[in-house]
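> Give me coordinates for this.
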Amino acid sequence: MVAFHNGMKILYIANARMPTEKAHGLTIAKSCESFARAGADVSLVLPRRYTHLKGDMFSAYSLERVFNVVRLPVVDVMHYSENRAAYFFYAPTFYASVLLYVLFRSRSSIIYTRDPRLIALSWLRFKVVYECHHVFDKRKSFFVGCRRAYRIVTISLALKNTFVQQGFDERSILVAPSGVDLSTFDIQMPKVEARRALDLPGYARIAIYTGNFTTMGADKGITDIVNSLKHIPNMVFVGAGGNQQDIARYQALAREKGVEKQVLLFGHRTQAELALFQKAADVLLMPFPDMPHYRNNMSPVKMFEYMASGTPIIASDLPTIREVLNEENAYIVPPGDPQKLAQAIARVFEEPAIAQAKATRAHHEVSAYSWRQRAERVLSFIRT
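From the prediction side, this is the model:
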């Protein structure tokens, strides 16, 4: 524990179904664990919603039991349907529960949230720290609301610059990209052993992508990966972490392109299992398309997991990626170009010494992005 953080009470309020197979669940959970490990008294406040994932919060995300979990009563119609109408019926019950809960909490507590609506709790004399992951469509009202935040944490420099352009004091904004649990992903395991554990081809050339295959229904580069395979017929592509709908979607695309024998797709996997997939790879892929969300907002958790694995990385040339990766620690390719992606994959095998040097550099640099380092920076920022 870090002494100067002791006594800080954090209520991390998240309007989220947890545990969840989606990346935001992991980042919320790891943030709470890391804040608590850094000495803060943390309570994660959630709606009491149904989740199909087995196990409690701590077992689902392999967490230390160092923070509290509070589940507030809601009308969980989202269990039956996640359409817009269901959300608008459910949401008022969550916010009403939050209001009743915080009314009886000490105003010395810090409210930490990714939900801009909860910045309104500042009217009750709470200091609200808003962690921003994207700018909402109603930009004017969004920025007006954000001005009441005590501090703002953004996951990319591009997002911070957006706030500064709107007249926010840059001293009130911290850039804190997503983090990685090095104890999970920086593991010492030979590639052949990882492949044996996962029942993957022992001597094939394997490119791997881990994590959700889509974000809010939008492709995350799997289409380009599948389309690249016709240029590299001796390559096997393995995707791990998709839901059944997305797996069916990309299996159909592989059949359409005539590369189905080169494609192996797996569903949701634990963090420890994803670490094995990353160690089993010859090369790790994240060829995100050039879309506003990927260009301006994201800080993909998989990027730091990939770096920790010590495996060569190929990533899209986007500003948010460039904040961390470059030609010294990865192969950077134009987004939306399957042929250039295939050429970069081929280069990994043509120049193994260079590829490994890039991977080694990424592995060295990832220590600055551990969840622990991130928590320390955020807590110090809140203190100032």
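
> for the stretch 151-300 of the chain, what spans make up the strands?
151-154, 173-175, 205-210, 214-215, 218-219, 235-240, 263-266, 283-286 (DSSP state E, counting those that start in this stretch).

> Name the residues that touch the fifth one?
When contacts are taken as Cβ atoms under 8 Å, 6 or more residues apart in numbering, the neighbours of strand 218-219 outside the stretch itself are Phe213, Pro289, Met291, His293. C-beta here means a position set from N, CA and C on the backbone, and glycine is covered the same way.

> can you do 10 Å?
Defining contact as Cβ atoms under 10 Å, 6 or more residues apart in numbering, one finds that strand 218-219 is touched by Phe213, Asp246, Arg249, Tyr250, Phe288, Pro289, Met291, His293, Tyr294.

> and among the strands of the stretch 151-300 of the chain, the most buried is which?
Between those, strand 283-286 has the highest mean count of neighbours, a mean of 25, where neighbours are mean count of other Cβ atoms under 10 Å.

> chain center to the very next helix or strand once past that strand: distance?
Sequence order places helix 292 as the next helix or strand after strand 283-286, per DSSP states H and E. For helix 292, the gap between its own C-alpha mean and the chain's C-alpha mean amounts to 17 Å (Cα atoms, centre = their mean, to the nearest Å).

> For helix 292, give the mean pLDDT please.
For helix 292, the mean per-residue pLDDT is 90.

> Poorly predicted segments of this protein, please.
Residues of the chain meeting the criterion pLDDT under 70: 1-6.

> Leaving out chain neighbours, which residue sits closest to the residue nearest the centre of it?
In the chain, the residue lying closest to the centroid (Cα atoms, centre = their mean) is Val301, at 3.7 Å. Closest residue in space to Val301, ignoring its immediate chain neighbours: Ser178 at 4.7 Å, by Cβ to Cβ, 6 or more residues apart in numbering.

> Check Glu64 too.
Glu33 (5.9 Å).

> so which helix or strand takes in the one you found?
Using DSSP H and E, Glu33 falls in helix 23-37.

> helices or strands up against that helix?
strand 9-13, strand 41-47, helix 57-60, strand 68-72, strand 110-113, strand 127-132, helix 301-309, helix 371-383 (3 or more Cβ pairs under 10 Å, 6 or more residues apart in numbering; DSSP states H and E).

> residue contacts, Pro201?
So, once contact is read as Cβ under 10 Å, 6+ apart, Pro201 ends up touching Arg195, Val236, Val238, Leu264, Ala280.

> which among those gets closest to Ala91?
Nearest to Ala91 among the contacts of Pro201: Val238, at 38.2 Å, using Cβ to Cβ.

> Could I get the contacting residues of that closest one?
Contacts of Val238 by Cβ under 10 Å, 6+ apart are 195, 198, 200-201, 204, 206-210, 262-266, 277, 280-281, 285.

> Apply 8 Å and report the result again.
Here Val238 is in contact with Leu200, Ile206, Ala207, Ile208, Tyr209, Leu264, Leu265, Phe266, Phe277, Ala280, Ala281 (Cβ under 8 Å, 6+ apart).

> For those, give me CSV that also has distance to His133.
As requested, these are arranged in CSV below (distance: Cβ to Cβ, whole Å):
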residue, distance to His133
Leu200, 33
Ile206, 31
Ala207, 28
Ile208, 25
Tyr209, 21
Leu264, 31
Leu265, 27
Phe266, 26
Phe277, 25
Ala280, 30
Ala281, 27
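
> buried set for stretch 151-168?
In terms of neighbour count (16 or more other Cβ atoms under 10 Å), stretch 151-168 has its buried residues at 151-156, 158-163, 168.

> Show me what whichever strand or helix holds Ile332 is packed against.
Secondary structure assignment for Ile332, by DSSP H and E: strand 331-333. On a contact count with 3 or more Cβ pairs under 8 Å, 6 or more residues apart in numbering; DSSP states H and E, strand 331-333 meets strand 313-316, helix 338-350.

> Just name the most buried of the ones you listed.
strand 313-316 (a mean of 26).

> who does it pair up with?
Partners of strand 313-316 in the sheet, by DSSP bridges, are strand 283-286 (parallel), strand 331-333 (parallel).

> could I get these as a markdown table with distance to Val348?
Listed next are the strands paired with strand 313-316 as a markdown table, based on distance: least, Cβ to Cβ, whole Å:
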| stretch | distance to Val348 |
| --- | --- |
| strand 283-286 | 5 |
| strand 331-333 | 7 |
